[in-house]
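Colleague: please find the sequence and the predicted model below.
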Amino acid sequence: MAFNPIVDAEKCEGCEECVEVCPVEVFEIQDGKSVPVNAEECLGCESCIEVCEPGAITVEEI
């Protein structure tokens, strides 16, 4: 099973919470926004969703 993390750049506040909580380092902050630079590594654990206060992250099963 594979997962695709998606960040809504309009909602992202660049707080870095997703970067800190992700066990496989999917996210990186670029230009003040979270970017899933290693999306293929996503485990689908949804830890990023839980810490994202503005609700900017979704994870799709692909």
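Modeller: Alright, I've got the coordinates. Everything numeric here is computed off the predicted structure, so don't read it as measured data.
Colleague: now residue 45. Nearest residue, chain neighbours left out?
Modeller: Excluding its sequence neighbours, the residue lying closest to residue 45 (Cβ to Cβ, 6 or more residues apart in numbering) is residue 23, at 6.7 Å. For every residue, glycine as well, the C-beta is placed using N, CA and C.
Colleague: may I see the buried residues of stretch 15-34?
Modeller: Judged by neighbour count (16 or more other Cβ atoms under 10 Å), stretch 15-34 contains these buried residues: 17-19, 22, 26-27, 33-34.
Colleague: widest-spaced pair of those?
Modeller: Farthest-apart pair in the buried residues of stretch 15-34 is 22 and 33; separation 15.2 Å (Cβ to Cβ).
Colleague: before we move on, back to that, surely the residue nearest to residue 45 is in a strand?
Modeller: No. Going by DSSP: H, G, I helix; E, B strand; the rest coil, the assignment for residue 23 is coil, not a strand.
Colleague: I'd say it and residue 44 touch.
Modeller: No. Counting by Cβ atoms under 8 Å, residue 23 does not reach residue 44; the two are 11.2 Å apart.
Colleague: got the contact list for the residue nearest to residue 45?
Modeller: 43, 45, 47 (Cβ atoms under 8 Å, 6 or more residues apart in numbering).
Colleague: having no further points to raise, I will conclude here.
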